[in-house]
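Trainee: sequence first, then the predicted structure, then my questions.
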Amino acid sequence: MSSSSTPPHRKVAIATLVGTTLEWYDFMLYGTASALIFNKQFFPTLSPAAATLAAFSTFAVGFGARPIGGLLFGHYGDRIGRKTTLVVSLILMGVSTTLIGAIPTYDSIGFWAPALLVALRLVQGVGLGGEGAGVVVLSMEHAPRGRLNRYASLPQMGTPAGLVLANAIFLGVSALLPESAFLSWGWRIPFLLSAMLVMVGLWVRLGITESADYAALVRRGEVATFPLRDALRVGPVRLLLILFAAIATSAVVYIFMAFTLSYGTKALGFSRNFLLLGVIIAALVWAATMPLWGALADRSTTRRVFLAGTAALTVWCAVYFPLLNTGNKAVVLLALLGMGVTLPISHSVGGIIVAEMFPASVRYSGTSLIVQTSVILGGALAPLIATALWTAGSTSTAVSCYIVAVCAVSTISTAVLCWALPNGASHTQNEIAVPVPVR
């Protein structure tokens, strides 16, 4: 089938998946490098534990910038359209990631090395902040009736796909080069490759059309003047419930992707390449099963699938670190694979349960607000808190308790949503229980 005859919803699904994969490649690459490289190259004067904390702190900085990007892109996504803002976000991510690969190390320019690293990480965060909510909104607004979750879950596949791409390239470069060459300059190659990958993403994304929902708003003159303000009119109870429901997936994702690499190499003595390969295998399962959960949510309900997912995460997180601590490679692979099986249940529909709370006129802004706040409360601090708890207690018990508690909060909040607010707003009806004015 030629691209010209491809249905719009399929073109959008492909474009959002490709673009999101590349953006998450950029973001995940930083997480992998934080766990394995940046402590040595940018914080060599600190102790190993302090350097790891410092590296993960720069990782968290990107999350601090994500709400800024989310609010900025959300505002303009509701004001001027989804497509334009998503193109700009992709450019920001690509440029900042490429430049990270060119930063001199601490030995070359001293203080300015970590300062430049933090500055570019902030730009990365702003770009990704505009991406997370936007791709879900664009996909669900293009989805055929009855297949909302199936199509809107596709851009979510970009997270594990980006993780696979980042770790595979990182692993490939690491395997091809001697250890000294990899630590000296080889780690830069995956970052510099981002420039070429983003060009591919832009070519795909520029070929899509604006959503019919947004075009209808423009045609009727119902574009919101202050979309974020209007989005808040859904009420604090709904906003808090959906916020707490969303935090577990973010926290578990970053414990799995970033902290596991640091903990596995430093505390358990596994090789970097073994852990990277294990994470890649698990992420492939994660990506491959997401459309299945999206299809199930179309036959059941979005919130029931999400509730099952958060409950499954709670159970698996309770056994995850005990399995890692056995030191047995087969058992460790089982622990990683278990994450690959349980994570996609809630992650596949996580953005959708947020987006369906808001009408089209404020959907990008409202979804960005919740998604990016949940990422800070859940994902941004998770590797940092986990490292601090592990360093303080020299065991993983406190880390397990922390992540299980976060998952329990999300499970309870989701259960309340299912009981008290059983139905989200339809993406075609553009309405919610509390009316949101437009200008």
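Mentor: Noted; the coordinates are in hand.

Trainee: so how far is L284 from T20?
Mentor: 16 Å (CB to CB, to the nearest Å). C-beta coordinates here come from the backbone N, C-alpha and C atoms, glycine included.

Trainee: now stretch 40-48 - C-alpha only, CSV.
Mentor: This file holds the C-alpha atoms of stretch 40-48, laid out as CSV (Å, rounded to 0.1, in the frame of the first residue of the first chain):
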residue,chain,number,x,y,z
LYS,A,40,33.3,8.6,36.0
GLN,A,41,33.5,11.2,33.2
PHE,A,42,31.8,14.2,34.8
PHE,A,43,32.2,13.7,38.6
PRO,A,44,35.6,12.0,39.0
THR,A,45,36.5,14.0,42.2
LEU,A,46,33.6,12.4,44.2
SER,A,47,33.5,9.0,45.9
PRO,A,48,31.9,6.2,43.8
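
Trainee: residue nearest the centroid of this protein?
Mentor: Nearest residue to the geometric centre of the chain (CA atoms, centre = their mean): T159, 5.6 Å.

Trainee: helix or strand: which one has that residue?
Mentor: Assigned by DSSP states H and E, T159 falls within helix 158-176.

Trainee: what element comes up after that helix heading to the C-terminus?
Mentor: Going down the chain from helix 158-176, the next helix or strand is helix 179-181, by DSSP H and E.

Trainee: elements contacting that next one?
Mentor: The helices and strands touching helix 179-181, judged by 3 or more CB pairs under 8 Å, 6 or more residues apart in numbering; DSSP states H and E, number zero.

Trainee: who are the packing partners of the helix or strand that that helix is followed by?
Mentor: Per DSSP H and E, the first helix or strand lying C-terminal to helix 179-181 is helix 188-192. Judged by 3+ CB pairs under 8 Å, 6+ apart, helix 188-192 is in contact with helix 8-36, helix 82-100, helix 158-176.

Trainee: L46 in helix, strand or coil?
Mentor: Of the three states, L46 takes coil under DSSP: H, G, I helix; E, B strand; the rest coil.

Trainee: what are the phi and psi values for it?
Mentor: Note on L46: backbone dihedrals following degrees, to the nearest 10 are phi -90, psi 160.

Trainee: neighbours around it, how many?
Mentor: 14 (other CB atoms under 10 Å).

Trainee: buried set for the helix or strand containing V204?
Mentor: Mapping V204 onto the secondary structure by DSSP H and E places it in helix 194-205. Judged by neighbour count (16 or more other CB atoms under 10 Å), helix 194-205 contains these buried residues: 194, 197-198, 201-202, 204-205.

Trainee: just want the angle from that helix to helix 82-100.
Mentor: 170 degrees (axes from the mean of the first three to the mean of the last three CA atoms, to 10 degrees).

Trainee: roughly how far out does whichever helix or strand comes after helix 194-205 sit from the chain middle?
Mentor: Next helix or strand after helix 194-205 toward the C-terminus (DSSP H and E): helix 212-220. When C-alpha coordinates are averaged (CA atoms, centre = their mean, to the nearest Å), helix 212-220 and its chain have centres 29 Å apart.

Trainee: after helix 212-220 comes which helix or strand?
Mentor: Heading C-terminal from helix 212-220, the first helix or strand you meet, by DSSP H and E, is helix 227-231.

Trainee: relative to Y25, how far out is L163?
Mentor: Between L163 and Y25 the computed distance is 8 Å (CB to CB).

Trainee: can you list the buried residues in the helix or strand of the chain with the lowest mean pLDDT?
Mentor: Scoring the helices and strands of the chain by mean pLDDT, DSSP states H and E places helix 8-36 at the bottom, with a mean of 77. Neighbour counts using 16+ other CB under 10 Å place 9, 11-36 of helix 8-36 among the buried residues.

Trainee: try stretch 336-347
Mentor: Within stretch 336-347, the residues scored as buried using 16+ other CB under 10 Å are 336-340, 342-347.

Trainee: make a markdown table from the residues you listed and add distance to L241 and pLDDT to it.
Mentor: Output for the buried residues of stretch 336-347, formatted as a markdown table (distance: CB to CB, whole Å; pLDDT from 0 to 100):
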| residue | distance to L241 | pLDDT |
| --- | --- | --- |
| L336 | 31 | 95 |
| L337 | 32 | 96 |
| G338 | 28 | 96 |
| M339 | 26 | 95 |
| G340 | 28 | 94 |
| T342 | 22 | 96 |
| L343 | 22 | 94 |
| P344 | 23 | 94 |
| I345 | 19 | 95 |
| S346 | 15 | 93 |
| H347 | 19 | 92 |
